[in-house]
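Chemist: after the sequence you'll find the predicted model.
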Amino acid sequence: MGLSSSQGRLLMLTSRLSDIELAQIMISQRQNQLAWESEKISKEYNEAISNYKLTIKIPDSSEQKGYSVEDLTYENMVEMGYLLTDASESRIYIRKDENDQWVMPKDSEGNDLFDSISEKANTATMNGKTYELVDASDMYSNKQVLQNSVLNGLLFIFDTNTSKSGISLSTLESDTEMQYVLDTSDDAKAQSKYDYETARISRQDNRLDMDMKQLETQHEAVSKEYDSVKEIISSNVDRTFKLFSNG
């Protein structure tokens, strides 16, 4: 192989090595991304199977015990005589209707839980005390918003049946009507998603491992040829140098 053709071959091999090394870097970055995805999926799965919810006993004559245990929603909470308040215990959270008017909360027998409501002042009176009213329409339409507000300590339960205010999670756990329990309703869905995603990541990771091994084999072969061509060029240069130096 002549000197010029060897130089051309060396340049081609150098370019090929650069392409292989770039491909290896891209595979390594993708594997790092998959590792991050796997960690995220595991975190979401653990959160899904360890989340808690609030339940409430609803009178039900069709049940053997005379009641059914339901998820806490705004409607059944109010029906059982519970209202929402904050840490100040001077505000009560109730919903508004489609005309932006306060909806009087009523118990299971249809009795008003407030003595009166002032639309103009946005206040309500109950047992001789006046409370500021706060719109809880989002909690009416989404039970998760309501439950998260209570579980995170942003709001508290006000029991109008016993005039007991500010019920905390510690007392909810022993409450006879409301309880703080592990939510298993979404566990099957979480398990299915976790199995699917981990299998997907495993397949992709295995393919990337195979691609990386192929690139390593190619890199080794090209590197050997690169060293061989480089040695030929060096030998040609040495012979040429000696030829001219002897002349």
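Modeler: Everything's here; your move.
Chemist: confirm G153 sits in a strand?
Modeler: No - secondary structure of G153 (DSSP: H, G, I helix; E, B strand; the rest coil): coil, not part of a strand.
Chemist: which outside residues touch stretch 176-196?
Modeler: 41-42, 44-45, 48-57, 69, 72, 80, 82, 151, 157, 167, 169, 172-173 (CB atoms under 8 Å, 6 or more residues apart in numbering). From N, CA and C alone the C-beta is placed, and that goes for glycine too.
Chemist: residues in contact with the residue nearest the centre of the chain?
Modeler: By CA atoms, centre = their mean, the chain has its centre lying nearest to E44, at 5.0 Å. Going by CB under 8 Å, 6+ apart, E44 touches 190, 193-194.
Chemist: buried set for stretch 36-51?
Modeler: By neighbour count on 16 or more other CB atoms under 10 Å, the buried set for stretch 36-51 is 41, 45, 48-49, 51.
Chemist: so for it, mean pLDDT?
Modeler: Here stretch 36-51 scores 94 as its mean pLDDT.
Chemist: what mean pLDDT does the one helix or strand S202 maps to get?
Modeler: For S202, the host element (DSSP states H and E) is helix 187-246. Mean per-residue pLDDT for helix 187-246: 85.
Chemist: what is the burial count for F158?
Modeler: 22 (other CB atoms under 10 Å).
Chemist: just checking, it touches T85?
Modeler: Yes - if you go by CB atoms under 8 Å, F158 and T85 touch, sitting 4.5 Å apart.
Chemist: in stretch 127-144, which residues are buried?
Modeler: 131, 133, 136-137, 139-140, 143.
Chemist: restricted to helices, list the buried residues of stretch 36-51.
Modeler: Among the buried residues of stretch 36-51, DSSP state H puts 41, 45, 48-49 in helices.
Chemist: between these, which is closest to Q214?
Modeler: Closest approach to Q214 among these (CB to CB): I41, at 27.8 Å.
Chemist: now do the contacts for that closest one.
Modeler: 193-194, 197-198, 201.
Chemist: likewise for I27?
Modeler: Residues near I27 by CB under 8 Å, 6+ apart: 208, 211-212, 215.
Chemist: before we move on, back to that, which members of the contacts of E44 are classed as buried?
Modeler: Taking 16+ other CB under 10 Å as the criterion, what is buried in the contacts of E44 is 190, 194.
Chemist: what's the domain layout of the protein?
Modeler: Following the assignment in automatic domain parsing, the chain carries domains at 3-48+190-246, 52-182.
Chemist: and L34, how far from L182?
Modeler: To L182, L34 is 31 Å away according to CB to CB, to the nearest Å.
Chemist: neighbour count: the two, which is higher?
Modeler: Using other CB under 10 Å, the more surrounded residue of L34 and L182 is L34, with 16 against 10.
Chemist: isn't the more buried one right up against R203?
Modeler: No - the criterion here is CB under 8 Å, and L34 misses it with R203 at 10.2 Å.
Chemist: any chance of the ones in helices among the buried residues of stretch 36-51 in CSV with distance to S6 as columns?
Modeler: Formatted as CSV, these follow (distance: CB to CB, whole Å):
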residue, distance to S6
I41, 52
Y45, 58
A48, 63
I49, 64
